[in-house]
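Participant: Here is a sequence together with a model predicted from it:
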Amino acid sequence: MKYYYINNNSHPQAINAGLTWLTNQSIYHIPHHGILAGVQKSTLEAALQDTELTQFQIRESILNAEFKIGTVTFKIMTTKNNFPVDHTGSVLAIHPNPVLLNQIDQMPNLTNILIIPAAPGECQSWITAHQAQEISV
């Protein structure tokens, strides 16, 4: 498994880069799918506001707990949802907290994890423990 993080204050730029990363990672798995994870749905909805997704896409995504970009389907997971421990593929965690990171760490079949902390330096213990590599934006 490979671990990554984006430690960038440019919020929309970081979130867009994360979505692009997740899309690119998910293309290599059959079926084409990935997980977009956040502490709660409102946090994810707020984080997606300034991205390239339209307001309609964001609202529908949150309500349906999934959305598509091209041929890739993304499931939306929060700390209150049961994470699919059998998911094979990649996860993008936006503004994770320790509970969310622990839930992700319990998923044995993941191939890649990218986290985008809410602020630089957050999640540093997780980044250090997993020897995560920084992705520059």
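Facilitator: Sure, I can see it.

Participant: and the helix ranked longest in the chain, average pLDDT?
Facilitator: Taking DSSP state H as the criterion, the chain has its longest helix at helix 11-26. Averaged across helix 11-26, pLDDT comes to 87.

Participant: next one: stretch 74-94
Facilitator: 82.

Participant: How far off centre is the longest helix of the chain?
Facilitator: 8 Å (C-alpha atoms, centre = their mean, to the nearest Å).

Participant: which outside residues touch the helix or strand following that helix?
Facilitator: Counting by DSSP states H and E, the next helix or strand C-terminal to helix 11-26 is strand 33-38. Strand 33-38 is contacted by residues 19, 22-23, 25-26, 44, 47, 72-78, 83-84, 87, 89-96, 100, 103-104 when judged by C-beta atoms under 8 Å, 6 or more residues apart in numbering. No exception for glycine: its C-beta is placed from N, CA and C like everyone else's.

Participant: now the angle from strand 33-38 to helix 11-26?
Facilitator: Comparing the axes of strand 33-38 and helix 11-26 via axes from the mean of the first three to the mean of the last three C-alpha atoms, to 10 degrees yields an angle of 150 degrees.

Participant: list the helices and strands the helix or strand just after strand 33-38 packs on?
Facilitator: Using DSSP H and E, the next helix or strand after strand 33-38 towards the C-terminus is helix 41-48. When contacts are defined as 3 or more C-beta pairs under 8 Å, 6 or more residues apart in numbering; DSSP states H and E, helix 41-48 sits against helix 11-26, strand 33-38, helix 55-64, strand 72-78, strand 89-94.

Participant: which other helices and strands contact the fourth one?
Facilitator: Right, strand 72-78. helix 11-26, strand 33-38, helix 41-48, helix 55-64, strand 66-69.

Participant: Out of these, which is closest to residue 117?
Facilitator: The closest of the helices and strands packed on strand 72-78 to residue 117 is helix 11-26. By C-beta to C-beta, the value is 9.3 Å.
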